[in-house]
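> what's the 3D shape of this:
(chains A, B, C and D)
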2 protein chains.
Amino acid sequence: MKKNVATIRDVAAAAGVSTATVSKFVNGAQRFSPAVEATIKEVIAKLGYRSNPLAQSMITGRTRSIGLSILDINNPHFTSIVKGANRVALAHNYTLLLVDTEENADRERPLVEALSRRVDGLILFSRMVESEMDWLMDLGKPLVYFGRPTRLPLQWVSSDDTRGAAMLARHLLSLGHRRFAYLRFARARRDHDRLDAIRACLAEHDLDLDVYEGGTPTSAEGERVCSAILLGGNPPDALICYNDLMALGFMKAAQTLGFSLPDDLSVAAFDNISYGQYTSPALTTVDMQSERMGATAMEKLIAAIDGKPEPETGMIEPQLILRASTSRRNASA
Amino acid sequence: MKKNVATIRDVAAAAGVSTATVSKFVNGAQRFSPAVEATIKEVIAKLGYRSNPLAQSMITGRTRSIGLSILDINNPHFTSIVKGANRVALAHNYTLLLVDTEENADRERPLVEALSRRVDGLILFSRMVESEMDWLMDLGKPLVYFGRPTRLPLQWVSSDDTRGAAMLARHLLSLGHRRFAYLRFARARRDHDRLDAIRACLAEHDLDLDVYEGGTPTSAEGERVCSAILLGGNPPDALICYNDLMALGFMKAAQTLGFSLPDDLSVAAFDNISYGQYTSPALTTVDMQSERMGATAMEKLIAAIDGKPEPETGMIEPQLILRASTSRRNASA
DNA sequence: TTGAAAGCGCTAACAA
DNA sequence: TTGTTAGCGCTTTCAA
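Below you'll find the predicted structure:
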């Protein structure tokens, strides 16, 4: 199996030129006499030579790869981000190195530190609290962060969660809902933005918000919490979930409990993962433009690597997607 | 931003020892006099030294990373595979490099060739026809292939598609269904196994199979094909789709067309992606054990890298998951 | 137990 | 247009 792969020296020897010449040829660095060009080309083909990217990187200091750290590869929100980032990376001839920290903040640092030595730049989704992220600055690599850092001078890309949550809350208010609940996921920073924005909207109408704690941002958790929300003595007529996954689980459990959606209550969430279309009722959601977020982050990072300025804001506008899981409040409910 | 990171020489100089000593210390290669050990440790901490994995790999020829090439990161089947593979890789202290070829066979070769130089081994999901895959053998790296190669002497991991499809077909037969249709995705090799197995089961009962061609293994394609299947003049009373994604799309479109599932027809598919639980009716499916497949592939690959024998078969047993999208044939239909 | 020295495969001045 | 030379940061004999 293990072949002894041809090195640049083998090519140089066989072609009767110096390694420098071969190197320049391979990198298209200059023009050559037809004779030399022909022989080099031929020898390379014959030997099946391909330059060793590791050796190349050692000298140039560039790896042509980008590290992307996400929180859960099974969450479609993140795969869309990866998709967007990957497209841009490919277009710029970069390879993507992916790390999945599995929502485990402790695992992040070692993984990212190891990753950082193999790439030209990093894009990070993190659950670490900002006060414990100073080490990021010592990595010595360009970096783009998902979310808005308050203290660290990091490049960032963020969805406008405040805006998105407000849009959703206002829409539900306009449908006549008055008893609101929010199923949160407090470890996410965006959760706090969403919660605050929803509260603010409701406050304008002198309405309260019931808040339920979700332990993980998953459909299983949505299922688990369902009975507490619906049978806990103070059922809402509109529920907002931290993300679509939780809403999917919640809706299934609610229907199992005999509730009818959206007649008994409206349900909505965030992300616009595609599977929200396939439930009954289909899920109303706030599209956070995951793929665009990934693409934007990658564009910013590559610009930073190339030393180009990127003054533009990294804030991404969300869009409200209305589907059948939200409807006008049922007067009889 | 760019720090000049400490090298092994900086450490050696500051500690008053040779680089060789530092190297051995870092790699835990031998024992040292307490004095030396203490100073080195101290200097490393002070300088924040971390060895450069690129330089290390150049010499040792090992990168401690694995390349994984998948067909579509937005397909939960593949993310589960990645999850499984990543778990095992992490446990063995390997980093995962991910490549998404986006169902584009032409893109595979350049991406995989580039990847192969940066990793110790490769795990491949491919849409290339086997007759055009000989170049894989020249990569000079251990390799595990998803699916069963007929000619190339590759290590492989595969789901037992023949078995899974037969289980599903027999179950539908036992429910009284007689008019079967299969929505295929012919570019996948597994599709042929499934098709053949379904045909064989039906043949035992002198039944035919209507076959519809899907262009992509996506929910959008399932939606698109729906009307042709249901309103094409020969509607089935049981439809099997190549994968869950297609079934999700199909079911939504069928309900939009006014069909009632599973009363008007039973629908089932393959993969057991989690979103099949959240549709109404929930989707009957064949669990292909995606996560296990990923884990098994990684285990085999790491064993191969370590030069250990791995004689065990890579065939993975599927499991039929019964849900509400399949039911006894409705006599009035 | 420690160090000197020779590279790994390649690029980047600088000369020719 | 081509070649010489000196490394990148590290490991690895081999000798001390």
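> give me the low-pLDDT residue ranges for chain A?
The model of chain A has pLDDT under 70 over residues A:1-4, A:311-312, A:331-333.
> again, 50 this time
Across chain A, the ranges flagged by pLDDT under 50 are A:1-3, A:333.
> now do the helices in it.
A:8-15, A:19-26, A:34-47, A:53-60, A:76-91, A:105-116, A:161-174, A:189-203, A:219-230, A:244-256, A:290-305 (DSSP state H).
> point out the most buried one among those.
With neighbours defined as mean count of other CB atoms under 10 Å in any protein chain shown, the helices of chain A peak in mean count at helix A:244-256, which reaches a mean of 25. From N, CA and C alone the C-beta is placed, and that goes for glycine too.
> so A:Val225 makes contact with A:Tyr212?
Yes. With contacts counted by CB atoms under 8 Å, A:Val225 reaches A:Tyr212, the gap being 5.7 Å.
> what's near enough to touch A:Ser65?
A:Tyr94, A:Thr95, A:Leu96, A:Leu97, A:Arg118, A:Val119, A:Asp120, B:Leu97, B:Arg118 (CB atoms under 8 Å, 6 or more residues apart in numbering or on different chains).
> contacts only, for the closest residue to it other than its chain neighbours.
Once flanking residues are discounted, A:Ser65 sits nearest to A:Thr95: 4.1 Å by CB to CB, 6 or more residues apart in numbering or on different chains. Taking CB under 8 Å, 6+ apart, we find A:Thr95 in contact with A:Arg64, A:Ser65, A:Ile66, A:Ala89, B:Leu97, B:Val99, B:Ala114, B:Leu115, B:Arg118.
> make it 7 Å
By CB atoms under 7 Å, 6 or more residues apart in numbering or on different chains, the contact set of A:Thr95 is A:Arg64, A:Ser65, B:Ala114, B:Leu115.
> again with A:Thr284
So A:Thr284 contacts A:Ala268, A:Ile321, A:Leu322, A:Arg323, A:Ser325, A:Thr326 (CB under 7 Å, 6+ apart).
> what does chain A have sitting close to DNA strand D?
For chain A, the contact set with DNA strand D under CB under 7 Å from any atom of the strand comprises A:16-21, A:24, A:30-33, A:35-37, A:55, A:58-59.
> let's go with 10 Å and repeat that
A:9, A:12, A:15-25, A:29-37, A:39-40, A:54-61, A:117 (CB under 10 Å from any atom of the strand).
> in JSON lines: the contacts of A:Thr284, plus neighbour count.
Formatted as JSON lines, these follow (neighbours: other CB atoms under 10 Å in any protein chain shown):
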{"residue": "A:Ala268", "neighbour count": "26"}
{"residue": "A:Ile321", "neighbour count": "16"}
{"residue": "A:Leu322", "neighbour count": "13"}
{"residue": "A:Arg323", "neighbour count": "16"}
{"residue": "A:Ser325", "neighbour count": "23"}
{"residue": "A:Thr326", "neighbour count": "25"}
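> picking up where we left off before, including distance to A:Ala238, could the helices of chain A go into JSON lines?
Below are the helices of chain A laid out as JSON lines (distance: least, CB to CB, whole Å):
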{"stretch": "helix A:8-15", "distance to A:Ala238": "66"}
{"stretch": "helix A:19-26", "distance to A:Ala238": "63"}
{"stretch": "helix A:34-47", "distance to A:Ala238": "66"}
{"stretch": "helix A:53-60", "distance to A:Ala238": "54"}
{"stretch": "helix A:76-91", "distance to A:Ala238": "22"}
{"stretch": "helix A:105-116", "distance to A:Ala238": "32"}
{"stretch": "helix A:161-174", "distance to A:Ala238": "5"}
{"stretch": "helix A:189-203", "distance to A:Ala238": "10"}
{"stretch": "helix A:219-230", "distance to A:Ala238": "11"}
{"stretch": "helix A:244-256", "distance to A:Ala238": "12"}
{"stretch": "helix A:290-305", "distance to A:Ala238": "24"}
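> right, and the ones you listed - which one's nearest B:Leu231?
helix A:244-256 (29.0 Å; CB to CB).
> what about that closest one, distance to the chain center?
23 Å (CA atoms, centre = their mean, to the nearest Å).
> the inter-axis angle of that helix versus helix A:219-230?
Angle of helix A:244-256 versus helix A:219-230, following axes from the mean of the first three to the mean of the last three CA atoms, to 10 degrees, is 50 degrees.
> helices or strands up against helix A:244-256?
helix A:219-230, strand A:238-241, strand A:266-271 (3 or more CB pairs under 7 Å, 6 or more residues apart in numbering or on different chains; DSSP states H and E).
> surely A:Ala6 meets A:Gly48?
Yes. When contacts are counted by CB atoms under 7 Å, A:Ala6 is listed as touching A:Gly48 (6.4 Å).
> comparing the two, which shows the higher neighbour count?
A:Ala6 (16 against 12; other CB atoms under 10 Å in any protein chain shown).
> residues contacting the more buried one?
Applying CB under 7 Å, 6+ apart, we find A:Ala6 in contact with A:Leu47, A:Gly48, A:Tyr49.
> same thing with A:Val5?
By CB under 7 Å, 6+ apart, the contact set of A:Val5 is B:Gly140.
> and A:Phe32, by the same measure?
A:Phe25.
> measure A:Ser327 to A:His171 for me?
Going from A:Ser327 to A:His171 by CB to CB, to the nearest Å gives 11 Å.
> ignore what I typed, I meant A:Arg151.
34 Å.
> of the contacts of A:Ser65, select the buried ones using a ChimeraX command.
Here is the ChimeraX command that selects the buried residues among the contacts of A:Ser65 (16 or more other CB atoms under 10 Å in any protein chain shown):
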select /A:94,95,96,97,118,119,120 /B:97,118
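> and the residue nearest to A:Ser80 when sequence neighbours are not counted, how far from chain B?
With CB to CB, 6+ apart as the criterion, A:Ser80 has its nearest non-adjacent residue at 3.6 Å, and that residue is A:Ser290. Using CB to the nearest CB, to the nearest Å, we find A:Ser290 at a distance of 10 Å from chain B.
> just send the contacts of A:Thr284 back as CSV, with distance to DNA strand C too.
CSV is the format used below for the contacts of A:Thr284 (distance: CB to the nearest atom of the strand, whole Å):
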residue, distance to DNA strand C
A:Ala268, 53
A:Ile321, 48
A:Leu322, 54
A:Arg323, 53
A:Ser325, 55
A:Thr326, 57
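> out of those, who's nearest DNA strand D?
A:Ile321 (49.7 Å; CB to the nearest atom of the strand).
> tell me which residues touch that closest one, please.
A:Asn272, A:Thr284, A:Thr285, A:Asp287.
> try A:Pro76
A:Ile273, A:Ser274, A:Tyr275, B:Asn74.
> farthest pair in those residues?
A:Tyr275 and B:Asn74 (10.8 Å).
> so those two - more neighbours on which side?
Between A:Tyr275 and B:Asn74, A:Tyr275 has the larger neighbour count (other CB under 10 Å), namely 24 against 18.
> measure the more buried one to chain B for me?
Taken as CB to the nearest CB, the span from A:Tyr275 to chain B is 4 Å.
> nearest residue to that residue other than its sequence neighbours?
Closest to A:Tyr275 by CB to CB, 6+ apart is B:Tyr275, at 4.2 Å.
> got it, and A:Arg50?
Using CB to CB, 6+ apart, the closest residue to A:Arg50 is B:Arg117 (6.8 Å).
> next, count neighbours for the one you found.
19.
> ok, it - contacts?
A:Arg50, A:Asn52, A:Pro53.
> and of those, the nearest to DNA strand C?
A:Asn52 (3.5 Å).
> let me see the contact set for that closest one.
By CB under 7 Å, 6+ apart, the neighbours of A:Asn52 are B:Arg117.
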